[in-house]
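Trainee: pasting the sequence and the predicted coordinates here, then a few questions.
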Amino acid sequence: MSAEILQPPTFVQARARARAERRAETRRTRGLLMGRSRTGRVIALLILAFVALGWLLPLAWAVDTSLKTETQAQSLPLRWFPEGGFTLENYRTVFERGEVFTWMWNTLLIAAAVTVLTVIICALAGYAFSRTVFMGRRMLFALTIALIMVPGQILIVPLFKEMDALNLIDTFWGVILPQTVAPMMVYIFKQYFDQVPQEIEDAARVDGAGNWRLFWNVVLPVSRPIVAAVAIFVFISAWNNFMWPFIVTNNPDLMTLPVGLSTVKNAYGIIYAQTMASAMIAALPLTILFMLFQRQIVKAVATTGLGGQ
Amino acid sequence: MSSSIAAQRRGARDVATTQAVKRLGSGLPFLIPFVVVAVLFLIIPVLYGVWLSFTEQSLMGNGGFVGIDNYAEAFADPTMWATLGNTVMFTVMSTVPLVLIALVMALLVYIGIPGQWFWRLAFFAPYLLPVAVVVQVWTWLFNSDVGFVNYWIQQIGLDKVGWLTDVDVAMWSIVVLTVWWTVGFNFLLYLSSLQAIPDLLYEAAEVDGAGFWRKIWSVTLPQLRGTTVLVATLQVIASLKVFDQMFIAFNGGSGPEGSTRPILQYIYDTGFTNYRMGYASAMSYIFFAVIIVITVAFQLLTRTRKDKSNER
């Protein structure tokens, strides 16, 4: 009993094992490619560190600026540590104004709705194309593939007029609905469902399960990785989408983060320190998510980016 | 004769389908939600846009049919060609570094440097930032008087550069911030296909006495060919649609002497600022045609290369 309690929980063990495996994998790759040579490794590390520094420096400087007063930010020579120390003043102003949080909340609502709808719509369509039959299936699938080629950006004018006719300008649904059309994701779901072994399905069919039961209780549960991948990918895209929300919303209360932030500069003139503070707050949610779910997000980008290869 | 065979085949397929439908049930209802949104928000706008492009629309929305006038006007419009040129220039300038830098960084991480999570965080994190954040951070860095970049350039003893105000430089600045922002996506695609290369190939190369560069050149890069074609194609298509970065960086303006205005912004300005929606639609379809031509040409180009490599 007491020995059991002293054992670390299984998921901790599992994570430690996975980490050890990854380390061994890294060592194996290194051995395969570079042998025992130390110099090569050091050079590679130096180049990588140099490039990574270039990638992190802009962010570091933005964070640094956000912690200065406006005068400190714009005085020469530039200093990482300003005379008189750092201040949280900019963050307090941004908090008090509160618009960043409104935008963030709007973006969250919209991105979540887009994600849920897109996943449901595209998974259903992918299932229909992959595992069921009906007249015109091939033709409809070919049409879906053709639709992948249409860049949504060229449709802004007719889509705007259509949304106007539907009275959806300046509404959440007006922002959400056009973003749920994702023929590429239908294709990705179909490719994945194609690989689900027929036997699992046959067993359920013998038991008299219909398509809905099969989709919901058999195919979807074994397809969790692709559902997660598509969901993550769609969420990131929706969270960062600028053009369509910008065109379809004018009301500041409905603005999303990218749209709202792009207006800050116009409204307040050039106040860099404060702008950086709101930018950093806006950057926070997805950065935290990435740190928590790094592996899943990386996998999601890899799978959806490769078109379900 | 041939038509009757086709009919027979069709008949056979119909019978097969009917049997299968009896066995599996029709999946058509599953398609309804997708068909509804696709028709409403993709197919109708595409067709409606075609119709709009043949009309003259004003602010009131009452337009008359003008035939191909809009298209004729577009072909004679120097601004359209200039903005289309900017778009193509941006695509060329951004695709090359976005593929090469991604490849080099992925290779460096892959050859066995520990702490993968850190490198991934460093290179991929910017991709998660909203475009407005990216542009604001870089306009601050590119500030000509108190900006970080110019400060250090002057410290080295060079003259300061008008990153966002100089005609010759502005587009490069947009390229720099775009590369910084999005290279992580390509980096991840490369990294995951690098990890999919079987160790066996390297072991075989080792047996053949191949050194480090030889292994990279003869094993790794050929194995990455498919990914490179994919990354480059995705990148070309994405870069042709550039709009956000320029629009936000220049507050909806067109950059120094219009040098950074992409065609999508010209379409936006024409449709939403000047309310010439018919003309904007016509240019949209010309642009669509250009995208298709470039994409197809690109595909053909990479395909011939691939075939040649197979013959070798």
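Mentor: Now that the structure is in, tell me what you want to look at. Being a predicted model, the structure only gives us computed values, none of them experimental.
Trainee: which residue is nearest the centroid of the chain?
Mentor: Unless you meant another one, I'm taking chain A. Relative to the mean C-alpha position of chain A, the nearest C-alpha, by CA atoms, centre = their mean, is the one of residue A:236, at 2.4 Å.
Trainee: my question was about chain B
Mentor: Note on chain B: the residue nearest the mean C-alpha position is residue B:238, at 1.2 Å, using CA atoms, centre = their mean.
Trainee: now do the contacts for that residue.
Mentor: Listed by CB atoms under 8 Å, 6 or more residues apart in numbering or on different chains, the contact partners of residue B:238 are residue B:182. Heads up, the C-betas are built off the backbone N, CA and C, glycines and all.
Trainee: do stretch B:201-208 and chain A meet?
Mentor: Yes. Stretch B:201-208 reaches chain A (CB under 8 Å from any CB of the partner chain) through B:202-203, B:206.
Trainee: give me the contacts around that stretch.
Mentor: A:32-33, B:214-215, B:218-219, B:223.
Trainee: please pick the buried ones from these.
Mentor: Among these, those buried by neighbour count (16 or more other CB atoms under 10 Å in any protein chain shown) are A:32-33, B:215, B:219.
Trainee: export those residues to CSV and append columns for distance to residue A:131.
Mentor: CSV is the format used below for the buried ones among the contacts of stretch B:201-208 (distance: CB to CB, whole Å):
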residue, distance to residue A:131
A:32, 40
A:33, 42
B:215, 42
B:219, 38
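Trainee: wait, which of these is closest to residue A:139?
Mentor: Of all the buried ones among the contacts of stretch B:201-208, residue B:219 has the smallest distance to residue A:139: 42.5 Å, by CB to CB.
Trainee: helix/strand/coil for the residue nearest to the centre of chain B?
Mentor: helix (DSSP: H, G, I helix; E, B strand; the rest coil).
Trainee: quick one: distance of the lengthiest helix in chain B to the chain centre.
Mentor: Secondary structure assigned by DSSP state H gives helix B:277-311 as the longest helix of chain B. Distance of helix B:277-311 from the chain centroid (CA atoms, centre = their mean, to the nearest Å) equals 12 Å.
Trainee: got any ranges where chain A has weak pLDDT?
Mentor: For chain A, the stretches flagged by pLDDT under 70 are A:1-9, A:11, A:35-36, A:71, A:265-270, A:307-309.
Trainee: domains for it, by residue range?
Mentor: Here the domain parsing of chain A from automatic domain parsing is A:1-54, A:98-308.
Trainee: rebuild the buried ones among the contacts of stretch B:201-208 as JSON lines, extending it with secondary structure.
Mentor: Output for these, formatted as JSON lines (three-state DSSP):
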{"residue": "A:32", "secondary structure": "helix"}
{"residue": "A:33", "secondary structure": "helix"}
{"residue": "B:215", "secondary structure": "helix"}
{"residue": "B:219", "secondary structure": "helix"}
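Trainee: closest to residue B:29 among these?
Mentor: residue B:219 (49.0 Å).
Trainee: how close does that closest one get to residue A:155?
Mentor: Going from residue B:219 to residue A:155 by CB to CB, to the nearest Å gives 44 Å.
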